[in-house]
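> quick one, what's the 3D model for this:
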Amino acid sequence: MKTHLPKLFCLVGALVLVAPGAESRNLYRYTNAEGTTVVDYQVPAEYVANGYEVLNEKGTVIQVVPRELTQAEREVRNAQQLQEEQARAEEQRLREWDESLLLRYSTVADIEAARERALRDLRIRVNILKSNKRSLRQQVENYQAQAADIERRGQQVDAERLRVIGDLQDEIAITDRAIGDRQQEIEKVSQAYQQDIERFEMLLDVVELRRSLAAQGRDES
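Numbers count the residues shown, from 1 in each chain. I've put the predicted structure just below:
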């Protein structure tokens, strides 16, 4: 089969002469169902999801449209993005934690002193709550003793006295929950300060290592 290149060039030239002001159109390169690479002025709808390239009038790729991801690929990508976001958030948290520790404390003893102050205040609150509970319990016992004495005399305990006993018992239950909450808070505060101490000690080790390496470098030079 012979090709007629001269005629083809003449035809192209004629088109240019006929429409010198015509706008150039982009071409699209894609792969069809048979695996053949096709260049055309448009991408058939059934091939768009497979991705394609956009070419200018010189045949240079000016845009690459990637293929659509499968559901499994999207899930993997989303999981990777989530892991990366979590890693960045953790890195930011540690950086802020380190800056806060170095800003607030100079030694481990400073952290231990701060811990003792915080725990002392919480323990004082617990002691106050326990004292209130003892007072409430004593009042309940007094009212119950009065009620028992009334019943021994063959009389019916008045509703007001029973209501007061119930209210006092409710207050005791509330106080018990408050004591439990404060005790849990003491445990959390203690753990948080212990973590601060361990992190601060690690920072001190890093600082000391850097100083040692810097001194070693000066000696070698």
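
> CA atoms for contacts and neighbours, from now on please.
OK.

> for the protein, what spans make up the helices?
5-18, 45-48, 71-104, 108-152, 159-220 (DSSP state H).

> how is this protein divided into domains?
Domain segmentation of the chain under automatic domain parsing yields 24-68, 69-104, 107-207.

> and the ones you listed as CSV, adding distance to Ala214, mean neighbour count and mean pLDDT?
Listed next are these as CSV, based on distance: least, Cα to Cα, whole Å; neighbours: other Cα atoms under 10 Å; pLDDT from 0 to 100:
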stretch, distance to Ala214, mean neighbour count, mean pLDDT
domain 24-68, 49, 14, 92
domain 69-104, 21, 12, 94
domain 107-207, 11, 15, 95
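
> circling back to that earlier point, okay if I get the helices of the chain as TSV plus distance to Asn26?
Listed next are the helices of the chain as TSV, based on distance: least, Cα to Cα, whole Å:
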stretch	distance to Asn26
helix 5-18	17
helix 45-48	16
helix 71-104	30
helix 108-152	68
helix 159-220	58
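
> how about those, which one is nearest Asn56?
With Cα to Cα as the criterion, Asn56 lies closest to helix 5-18 of those, at 17.0 Å.

> for the helices of the chain, which one sits closest to Thr37?
helix 45-48 (11.5 Å).

> coming back round to it: turn the domains of the chain into CSV, including distance to Leu213.
Below are the domains of the chain laid out as CSV (distance: least, Cα to Cα, whole Å):
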stretch, distance to Leu213
domain 24-68, 49
domain 69-104, 21
domain 107-207, 10
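
> what's the closest of those domains to Gln216?
Closest to Gln216 of the domains of the chain is domain 107-207 (Cα to Cα; 14.2 Å).
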